[in-house]
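Visitor: return a 3D structure for these sequence lines:
(one chain, ligands or ions: 1)
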Amino acid sequence: MKKITIAIDGFSSCGKSTMAKDLAREIGYVYVDSGAMYRAVTLFALEHGIIDGDKIDEERLRQEMQNIEIAFRFNPERGRPDTYLNGVRVEDRIRTLEVSSHVSPIAALGFVREEMVRQQQRMGQEGGIIMDGRDIGTTVFPKAELKIFVTASAEIRAQRRYDELTAKGEPCDMAEILRNVEERDYIDTHRDISPLRQAEDAIILDNSHLTIEDQKQWLLDIFHKTVGE
Ligand code: DC
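Guide: This is a model prediction of the structure:
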């Protein structure tokens, strides 16, 4: 059977990657977390002094783009791919609050998006891919056979991120996380290039009150319906 392309877009911290990764494992597709790619670029910029406070040295980052190579390798222990930046595993370092606080302005830069979209389209050439992000159904794979747009309230998303960081033993503050979630929502939906918006042909999922299991089943049912099984 022909393998389709699945695009999952939505707000930050609404569980897109959990559902995408679970579905990929279930149906034997490749899973790509496109947000991890923008996070890896942000980590690179932070580590190379390209970001100073709120300032980004755009010219330097533009020149450095050719030196940024992002790859994913499946980690059987985690049951999902880990992110590599120039051959080094950065999966944990791209999830810190520091990277989260700087990633939206980096993801708003046209030259960064152009390069990421080019790499993402190359990864999806063969189909059989589930990619999650903000512009997957609108820009990266506008012809995807299945598009889902996920949403949940900002408070619930902040609580999920808080639980995630606390479980990892990272000190965090709920008010700061909520501010970060709201700030990112604003930047993601208001940027000039590929702002976060629902593709016209996307199916909406508000998962504020769904368990991970419910959500998993919902997605699996939609997938089978789409491929006609
Ligand atoms: O999904 P996430 O929180 O890991 O995404 C990190 C940031 O990257 C977020 O601010 C939005 C941005 N992003 C984007 O602009 N386009 C994508 N396809 C994926 C993420």
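
Visitor: what is the end-to-end distance of stretch 123-133?
Guide: 14 Å (C-alpha to C-alpha, to the nearest Å).

Visitor: now it, how far from the centre of its chain.
Guide: 13 Å (C-alpha atoms, centre = their mean, to the nearest Å).

Visitor: does the ligand sit close to that stretch?
Guide: Yes - using C-beta under 6 Å from any ligand atom, stretch 123-133 reaches the ligand at G133. C-beta: built from backbone N, CA, C; applies to glycine.

Visitor: low-confidence regions, this protein specifically.
Guide: Applying pLDDT under 70 to the chain flags the ranges 229.

Visitor: if we use 80, what do you get?
Guide: In the predicted model, the chain carries pLDDT under 80 at residues 1, 229.

Visitor: secondary structure element holding the residue nearest the centre of it?
Guide: When C-alpha atoms, centre = their mean is applied to the chain, the residue found nearest the centroid is G35 (2.9 Å). In this assignment (DSSP states H and E), G35 forms part of helix 34-47.

Visitor: likewise S17?
Guide: Judged by DSSP H and E, S17 forms part of helix 16-27.

Visitor: which SS class is the residue lying closest to E115 once chain neighbours are set aside?
Guide: Once flanking residues are discounted, E115 sits nearest to M65: 5.4 Å by C-beta to C-beta, 6 or more residues apart in numbering. State at M65, reduced to three classes by DSSP: H, G, I helix; E, B strand; the rest coil: helix.

Visitor: got it, and A71?
Guide: strand.

Visitor: so what's it up against?
Guide: 83-84, 87 (C-beta atoms under 8 Å, 6 or more residues apart in numbering).

Visitor: ok, now with 7 Å
Guide: Going by C-beta atoms under 7 Å, 6 or more residues apart in numbering, A71 touches Y84.

Visitor: work out for me the element L219 sits within.
Guide: Per DSSP H and E: helix 212-227 holds L219.

Visitor: can you list contacts of that helix?
Guide: 1, 4, 15, 18-19, 22-23, 26-27, 145-146, 203, 205, 207.

Visitor: tell me which of the residues you listed is nearest to D92?
Guide: T18 (16.9 Å; C-beta to C-beta).

Visitor: contact partners for that closest one?
Guide: Applying C-beta under 7 Å, 6+ apart, the residues near T18 are I212.

Visitor: please apply the same query to E91.
Guide: Counting by C-beta under 7 Å, 6+ apart, E91 has contacts 82-83.

Visitor: coming back round to it: chain center to the helix holding L219: distance?
Guide: Taking mean C-alpha positions (C-alpha atoms, centre = their mean), helix 212-227 and its chain are 20 Å apart.

Visitor: now the angle from that helix to helix 16-27?
Guide: With axes from the mean of the first three to the mean of the last three C-alpha atoms, to 10 degrees defining the directions, helix 212-227 sits at 60 degrees from helix 16-27.

Visitor: contact partners for A202?
Guide: 9, 137, 147-149.
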